[in-house]
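Visitor: structure of the sequence below:
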Amino acid sequence: MHRAFDSEDIIYSVLKYLKPAPALNILWSKRTSMVSLIMCLPRDAWELKKYTIKSYQRADAQKRIIPQIDVSGLLPRLFEQFPPATLFPNLCSFDDRVLQEYWSDLSLVRKFMSPRLEALIVDVSATFPPHEVEQFIGALAIEAHGLRQLSISMHKGHMAFAVLPSFENLPKLIELAIHGVDVSLTRQTITNIQQLRCLKTLKLSLLGTCCDDNVMALELSSLESLSLSGEHLPQCTHFIRQITTRRLSHVNIDYFRRASPSEITVFTESLSRSCQYHGSLKQIFVVDKTDLDDAELFIPLSSEVLRPLLKFTGLLSVAFQGIGNYDLDNRFINDIPDAWPGIQELKFASYRPASCAVTFNAMISLATRCKSLRSLNMTCDASQPILIPQAEDGTERLWPAQTALRALHLEHTPLQEVGNMPYILGKVFPALNPGRLMGHSYVAIPDSLPSNPPRLVLDEIKTALWEIPDRVDYRVHPDSDLEDSDYSED
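Guide: Coordinates of the predicted model:
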């Protein structure tokens, strides 16, 4: 930086005449933090710090060096002379984490409020009294009346709000996230949320102990997307049991302690009762985030646990990740195409295997009857010979070709031999990407040469699929598989 800017008088003179301009609009529309602004100030006004964090995505907990700007008290003094509304006249989205050590200073956060602001993420320190939080939320109606998205948390979501603020003066809010909701205050929470007549997306992190109160459910008439996160699944169920919806299309649930079959059954039954119009729900995603080292070995989930979800006739995506050991049957699998004719993603993913009565033929029949199915995760019983359907004259007649399926994960299916599986998969699912044919079965067969190591059955099936002529070679045309990246509601 030029030494001319070592003088505070010069900096003041420059910022004093700072006015909105097209170039500034373009510049600040691309900035995600205030670091670049701070680093334009004298070098002794800020300090670049480094610290280490542990990455738990890997078993070795690798440490990484993360740069951080320490403004050392500069921001409050800067904003006393130059309000953020002057420095950032077109600010429409604000995350208080850009303030670094001032991230929980509500008085400083309020300086960024303006009628143009549409999205706000703010974390409240546990030291703030409830009335100050209430005042802050109340001020938003005046200082940021155009707000459409609000995310508020207490002590980074690790503590619950003692008193939940009222949202009645934020009529334009369509997305609300509250991290730190005491489930014992569920009734008050829902009552406050009902004040948002245009709310479409609701995200809640739940804390505390719940009790089963037999109270009348309250309606969230405009709600379309609901995301709940709790330490235990019953916390999420407790909230769902106290609401009714008409337009709910997306449900996302995650929890961190293993749920019993009875608790999962209560959840599915409660969800089916909460939605007044079963045809509106498009996506159900439930994931158990329990540490695998602490997880129980066996949680049997029969078809009856999931059967209440067959009422949702408009589902496009159903995904259960690690919630238990699925012990499904053919009757349930055969009912899915009639219940969910438009299904595009179907996942029953388990960390550990369980006995499975679903035959390979039933799985193939499911996939061919669901014409829009792109991705399927399921364990089936492949120990018996595959029975190819026959015509009236006794000749073989394969299942009708299904051209949508791109990914097939056989989970814990015990593949004993290659047999005619490549032929069946290649003919029935001509668009299946062999690179996305996966499973947790590691059964090996001897190589033709005794000196060579055994070969995995699944790898042999994939190799055979690659060699089938007149199929899309995803190794040459990887973009041909991109349409499976997400389901579509079109």
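Visitor: how close does the closest residue to Leu218 other than its chain neighbours get to Glu219?
Guide: Excluding the flanking residues, the one nearest Leu218 by CB to CB, 6 or more residues apart in numbering is Ile190, at 4.9 Å. Bear in mind the C-beta positions are built from the backbone N, C-alpha and C, glycine included. Look at Ile190 and Glu219: by CB to CB, to the nearest Å, they are 9 Å apart.
Visitor: neighbour count for these two, which is higher?
Guide: More neighbours surround Ile190 than the other of Ile190 and Glu219, with 18 against 14 (other CB atoms under 10 Å).
Visitor: A strand includes the more buried one, no?
Guide: No. Membership of Ile190 in a strand is not supported by DSSP: H, G, I helix; E, B strand; the rest coil, which gives helix.
Visitor: wait, what's in contact with it?
Guide: By CB atoms under 8 Å, 6 or more residues apart in numbering, the residues touching Ile190 are Leu218, Leu220, Phe239, Gln242, Ile243.
Visitor: which among those residues count as buried?
Guide: Leu220, Phe239, Gln242, Ile243 (16 or more other CB atoms under 10 Å).
Visitor: please enumerate the strands of the stretch 51-200 of the chain.
Guide: 63-70, 93-95, 119-124, 149-154, 175-182 (DSSP state E, counting those that start in this stretch).
Visitor: now the fourth one, how far from the chain's geometric center?
Guide: What it means is strand 149-154. Mean-position distance between strand 149-154 and its chain equals 17 Å (CA atoms, centre = their mean, to the nearest Å).
Visitor: list the contacts of it.
Guide: Counting by CB under 8 Å, 6+ apart, 93, 118-124, 126, 137, 140, 160-161, 165, 170, 173-180, 203, 205 sit against strand 149-154.
Visitor: mind exporting that strand as PDB, just the C-alpha atoms?
Guide: What follows is strand 149-154 as a C-alpha-only set of coordinates in PDB (Å, rounded to 0.1, in the frame of the first residue of the first chain):
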ATOM      1  CA  GLN A 149     -34.000 -14.400   4.700                       C
ATOM      2  CA  LEU A 150     -33.000 -14.500   8.400                       C
ATOM      3  CA  SER A 151     -30.800 -17.000  10.200                       C
ATOM      4  CA  ILE A 152     -30.300 -16.500  13.900                       C
ATOM      5  CA  SER A 153     -28.500 -18.700  16.400                       C
ATOM      6  CA  MET A 154     -27.600 -18.600  20.100                       C
END
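Visitor: let me know the angle separating it from strand 119-124.
Guide: Using axes from the mean of the first three to the mean of the last three CA atoms, to 10 degrees, the direction of strand 149-154 lies 10 degrees away from that of strand 119-124.
Visitor: so where is the stretch 251-400 of the chain shaky, pLDDT-wise?
Guide: Applying pLDDT under 70 to the stretch 251-400 of the chain picks out residues 293-297.
Visitor: buried stuff in stretch 353-367?
Guide: Across stretch 353-367, burial judged by 16+ other CB under 10 Å covers 353-354, 356-367.
Visitor: surely Ile249 touches Gln283?
Guide: Not quite, residue 249 is Ser, not Ile. Yes. Using CB atoms under 8 Å, Ser249 makes contact with Gln283 at a distance of 6.9 Å.
Visitor: follow-up on the earlier one: just send the buried residues of stretch 353-367 back as CSV, with secondary structure and distance to His409 too.
Guide: Output for the buried residues of stretch 353-367, formatted as CSV (DSSP: H, G, I helix; E, B strand; the rest coil; distance: CB to CB, whole Å):
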residue, secondary structure, distance to His409
Pro353, coil, 13
Ala354, coil, 16
Cys356, coil, 14
Ala357, coil, 19
Val358, coil, 14
Thr359, strand, 17
Phe360, helix, 14
Asn361, helix, 18
Ala362, helix, 16
Met363, helix, 11
Ile364, helix, 15
Ser365, helix, 18
Leu366, helix, 14
Ala367, helix, 12
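Visitor: circling back: now do the shared contacts for Ile190 and Glu219.
Guide: Both Ile190 and Glu219 are contacted by Ile243, under the criterion CB under 8 Å, 6+ apart.
Visitor: related to what we said a few turns ago, quick one: which of the buried ones among the contacts of Ile190 is nearest to Ser441?
Guide: Phe239 (38.5 Å; CB to CB).
Visitor: mind listing what the closest one touches?
Guide: Shown in contact with Phe239 (CB under 8 Å, 6+ apart): Val183, Thr186, Thr189, Ile190, Leu204, Leu206, Leu228.
Visitor: against Ser274, how distant is it?
Guide: 10 Å.
Visitor: got any residues that touch both of those two?
Guide: The contact sets of Phe239 and Ser274 do not overlap (CB under 8 Å, 6+ apart).
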